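Enquirer: below are the sequence and a predicted model for it; my questions follow.
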Amino acid sequence: MADTPNGRPFGSANIFRNDVLSRRNFLGTSLALGAGATLGSWPGSMPAQAATGGDLMTLAWEGFTLENELKDWLATNKVKLNASIISTQDDVHGKLIGSNPVRLDVTEYSQGFERFYVDELKIVKPLDIAKVPNFTAANIQPQFYQAPTWYWDNTYYAIPWVWGLNALVYNPAMTKPIKSYKDLLAPEMKGKLTFCDDTIATWPMIARLAGYGPKFPNLTKEEFKTAFNGLAPYRDQCRVFASSNGDTISLFASGEIAACFSVWSGTPVETAKRGVKTVYTVPEEGAVMWCDAWFMPISAVNIDTAYAFMNEAVSAKAQAEVCKAVNGGAVNKHAPALMDKDTLALFDYSNLAEVFKKSPLQGQPPRVSDKYATYDEWTQAWTDFKSSF
Amino acid sequence: MMNGNRREATGLALVAPSFLFLLVFFIIPAVLLFVCSFWLAQAFRLIPTFTFDNYSRALSAGGFYLLTLNALKNGLWTAVISVLLSFPAAYFIVYRTRGNLLFYLILVSWFASYLVRIYAWRTILGSNGLINTTLMQLGLIDQPLEVLLFSPFATILTLVHIMVPFALLLLVSALRDVRKEYIEAARDLGAGGFEVLTRVILPMSYKGVVGAFMFTFVISAGDFVTPQLLGGRDGMTTGILIANQFRTAGNWPFGAAMAFILLATFLMTYFMFVRLLDVLRLAPGRRFHD
Amino acid sequence: MLRIYVWLFVAFLYAPIAIITLFSFHASPSLTFPFEGFSLRWYSQIFANPTFVDSLRNSLIVGASTAVITTILGSLTALGLARLKGRVQTMFGLLAFGPVALPGLFLGIALVMLFAQISLQRSLVTVTIAHVLFTLPFFIEAVRSRIEYFDLSLEEAARDLGATPLQTFRLVTLPIIGPTIGGAAILSFALSFDEFIITVFVSGNDTTLPLMIWSMMRRAVSPDINAASVLSLAMSIGLILIGGLLVWYQRRLALSARAKDTEA
């Protein structure tokens, strides 16, 4: 298939040549100018601020905005944080592609989106790491520091800051202990299983069950087919597909399900608050790691403040606090020392290498490929799986 | 009497602002995306060409039919039930009450967040929910009724709950045109209750009934969030496929093609429904058209 | 009989709202029975959340602007359509149905493309445009069935008696179509207040309440979403009451003015 001539997708030519997301020549310059002048405000027309302070536009998950954790820092530096909220990773690139991206100074991606965002959508600004002095080998856990999910070609593209596991979660009152995925196929589990509709959590496990774990995210089309065929028996056990982590938690809390295929490791903490004990387990097949990283989009304006914000986000104190708030894991080596008992107990910080071995940080299927099953094909197969054909 | 041409000119002038608004913000973008539905794309990159690939791809996938069938079922059931449920209430509001308090009371119920209401229904219908717990305490059942939740029943119940105030609004405004005098006149001429309903009220409030049916149908058939959260593992609808293409896969042309196919099935449903009312002689005769 | 039915009908509509309200005061984070006692913790938690306050404000701004714009555009259209019987009316009705018949996602993408073409930066303005587009069909449909048999000769009689067009509208037309317009305006507000599928695409760096609730639900469903919903319900009812009182007051003024005219 032909690619767009060059440059960012949706950003180059006019509609008659290619591109419906650029603004040239479409409705006539006069109308465009008129509408722009009266209704719109260009992010680019604002003067860049030279020092920390002023408005900081961020886009993050609810609970991950750092509004509370960085309250003092925001006040001291007179930063007015305007955090808008995403509900899927798709919302992030939805705001940034095209010729009129929304002004955002900092936002985040989860692992797997790096090449897509940097190379294909071209919505990421490379970072000047000197402006993030907390992000050093001395402070950051080695597994995260220069991982290929945000660092390549000697360039830093994002700052990883919070992580966790996606693992098998079950309710011990409703099922015997689960040690392997095969236990989910027991007859008494029928109608008691759920899948969380989170592809980052689920796809690597689908590959792993078929024995292609290390190959993920690059499975040939044949392997990919085999992997999904192997998943059919699990569907027969399934009662409902949970639309998100939160949905899975409420399904556990209301006693509708006994186990979830692969879901956020913070789930047991949340169900416990609702009076239902669940446990997360890394079964013999392993589990999946996720990690969110801050990046600076091409539409960033308040650049110095954005750097300062990222720098604060990886400070030991902020890390310990946010990990407590969201049941997450810290990337800063000195954060565990500041954590309370429960937050510290979430992960084995003393042996992170082992955690990584059983639950690696894996990327996502390629967007375009002749050899491997593409992201499109995975999405399609996953939808087909959810809707039973 | 006002001159007919002048009346028409005034009419056009009054309609013009809405028309302009729809032209700029609906017709032009929709045409853009219609053109786009004959293009190809991959991961948010558009490839201009002219091909029917997107349409044939959608129509050749078995899943598309299955999910569209689910969507149409949700839509039809919701529309039929909503109209049937709200008609008597609308009748009551128009002919038996004087103020508008009850009317507004019903409309205001729409302000409870739709997403939060979905979870409220879970609290009511769940295995440990209000209904199951009550029935079990009364000793009427000894196992929770699992069919209440994560089933087409739960989806349609919730969609009806969401759509009913709107159906009611349309029916109330239509019934207000059928003045009491007409009904009394029909009664005086010897018409029974059923005849008054089918010969006077329904033909005169025809537009409202069709409107209520179509809006509830289209909105609930297009919804994919409620079926996902309440419909159980076999409850998904076409909307999710379109969402995948628009949001995740970045294949807008394909998503647009599916949206247009869905639109075509909606239009077909509309014509079939109107035809059905015609056959049942519930549609107005010629005299109401002009 | 009918009266009992109607009260059952209202009970059906309000049962989930009663549940939402009840659980917004729940002492535990669970949304499941048994109910474990009352607490105000979710209200204090939600008010301490700066994103909630911002997004509630954004939603109220967008909802109110949408209702006002839709009501103006929609009422003009209704009056126009009453004069354009027949084919033009049918055509316009079908056209106005379009934005509802196409999936919300489709409208979202279509508008994002348009906004890029005319370099309109995404903000609450674009969200309002999208919401007007989405609510206008509902509004037009609601008033269309009302004006289908609207008797234009009443307006004409008023004009013949020397009333200005504005007076005619206020004294003759509005009292007839008023309650329908009021109802439709409330629904426009409600539709806008709840919309999140189109909003995801057309919003800039402002979050609206449904976007926030959706995101909260994805992390963990707690009674704080109930508290958010109850608060927004209360706010909306408050706004509607204020709007209703203003309309009522205006009508009283109009009526007393008319009474004076007849005295003179």
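Expert: Okay, I see it.
Enquirer: the residue nearest to the spatial centre of chain B: what secondary structure?
Expert: For chain B, the residue whose C-alpha lies nearest the mean C-alpha position (C-alpha atoms, centre = their mean) is B:Thr216; its distance is 1.7 Å. Three-state assignment for B:Thr216 (DSSP: H, G, I helix; E, B strand; the rest coil): helix.
Enquirer: would you agree it is in contact with B:Met163?
Expert: Yes. Here B:Thr216 lies in contact with B:Met163, judged by C-beta atoms under 8 Å, at a distance of 4.2 Å. For glycine as for every other residue, the C-beta is placed from the backbone atoms N, C-alpha and C.
Enquirer: now for those two: what residues contact both?
Expert: Taking C-beta atoms under 8 Å, 6 or more residues apart in numbering or on different chains as the contact rule, the neighbours common to B:Thr216 and B:Met163 are B:78-79, B:82.
Enquirer: give me the buried positions along the host helix or strand of B:Leu69.
Expert: With the criterion set as DSSP states H and E, the secondary-structure element containing B:Leu69 is helix B:62-96. Burial within helix B:62-96, assessed by neighbour count using 16 or more other C-beta atoms under 10 Å in any protein chain shown, is assigned to B:63-64, B:66-68, B:70-72, B:74-83, B:85-87, B:89-94.
Enquirer: try stretch C:230-237
Expert: C:230-233, C:235-236.
Enquirer: what about it, near chain A?
Expert: No. In terms of C-beta under 8 Å from any C-beta of the partner chain, no part of stretch C:230-237 sits within range of chain A; the closest distance is 15.8 Å.
Enquirer: now do the strands in the stretch 201-350 of chain A.
Expert: Taking DSSP state E, counting those that start in this stretch as the test, the strands found in the stretch 201-350 of chain A are A:238-242, A:259-264, A:279-281, A:288-297, A:329-330.
Enquirer: for these, give me CSV that also has distance to C:Leu76.
Expert: Written out in CSV, the entries for these read as follows (distance: least, C-beta to C-beta, whole Å):
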stretch, distance to C:Leu76
strand A:238-242, 46
strand A:259-264, 51
strand A:279-281, 59
strand A:288-297, 41
strand A:329-330, 58
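Enquirer: nearest to A:Glu114, of these?
Expert: Minimum separation from A:Glu114 across the strands of the stretch 201-350 of chain A (C-beta to C-beta) falls at strand A:288-297, 7.9 Å.
Enquirer: is chain C contacted by the closest one?
Expert: No. Legend: contact between strand A:288-297 and chain C by C-beta under 8 Å from any C-beta is lacking; minimum distance shown is 11.0 Å.
Enquirer: partners of that strand in the sheet?
Expert: For strand A:288-297, the pairing partners within the sheet under DSSP bridges are strand A:106-110 (antiparallel), strand A:124-125 (antiparallel), strand A:159-170 (antiparallel).
Enquirer: closest one to A:Phe356 among those strands?
Expert: Closest approach to A:Phe356 among those is made by strand A:159-170 (10.3 Å; C-beta to C-beta).
Enquirer: who's in contact with the helix or strand following the closest one?
Expert: Next along the chain after strand A:159-170, taking DSSP H and E as the criterion, comes strand A:193-196. The set of residues external to strand A:193-196 that reach it, using C-beta under 8 Å, 6+ apart, is A:184, A:202, A:234, A:237-242, A:244-245, A:247-248, A:251, A:257-264, A:386.
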